[in-house]
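Asks: sequence and predicted structure below; questions after.
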Amino acid sequence: MKNYNEIMNEFLMLDKNERIPLSLTIKLLFNRQCRNEVRLLTKAEKLAKKPLSVQMPVTDKTIHAVLNQINPDFAEKAEIKNPFPLSRWITAGIAMTAMMIFLGIMTRTSSDQLLVLPFYVLFATVFTTYCAFFVGCNMDFFVKKIETHKLAM
């Protein structure tokens with residue numbers, strides 16, 4: 001009985017989805033009762049985890065009904081949309097970059113070499129600031145993309 005308790009304690013101390021070490025595998029091969037119990041525990045964990053992996057569509061009315069019961073102000077907050085759609089951000093970014101590149105090409109021959117470095121530093125600063133505002137204002141979009149990417153794995 002002592003051997004059984006030691007084997008089961010060693011198995012139960014493992015983290016989820018952690019591989020069973022070779023020493024424990026050998027012990028399980030020689031102890032039928034432990035082997036059966038480990039198999040049953042593994043099946044039980046898979047069955048218990050299965051209902052949690054069922055995906056529910058976001059547009060489902062029950063989700064909105066539950067959220068409205070929890071917080072009545074949810075419907076008002078959900079209707080507030082981003083004043084700058086993603087397509088406008090992308091269009092403005094492409095236009096801004098194209099204009100700055102065009103300006104750099106047009107003034108390259110006529111400008112003094114002392115002005116080239118400040119121009120490119122200004123260009124980098126404006127572009128970096130724009131990208132930071134773009135990500136900051138559309139943070140919910142990026143968070144949703146990251147979460148859906150994690151779920152797909």
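Replies: Good, I have the coordinates. Numbering: from 1, shown residues only.
Asks: test my guess that Leu29 contacts Leu22.
Replies: No: using C-beta atoms under 8 Å, Leu29 is not in contact with Leu22, being 10.5 Å away. Backbone N, C-alpha and C define where each C-beta goes, glycine included.
Asks: helices of this structure, start to end?
Replies: 2-12, 22-30, 32-49, 61-70, 74-79, 86-106, 113-137, 139-152 (DSSP state H).
Asks: ok, of these, where does mean pLDDT dip lowest?
Replies: Of all these, mean pLDDT reaches its minimum on helix 74-79 (a mean of 58).
Asks: quick check: phi and psi at Thr107.
Replies: With angles defined as degrees, to the nearest 10, Thr107 sits at phi -100, psi 0.
Asks: nearest residue to it in space, please, no chain neighbours.
Replies: Phe119 (7.6 Å; C-beta to C-beta, 6 or more residues apart in numbering).
Asks: neighbours of Trp89, how many?
Replies: 18 (other C-beta atoms under 10 Å).
Asks: any idea how far it is from Ile20?
Replies: Distance of Trp89 to Ile20, computed by C-beta to C-beta, to the nearest Å: 50 Å.
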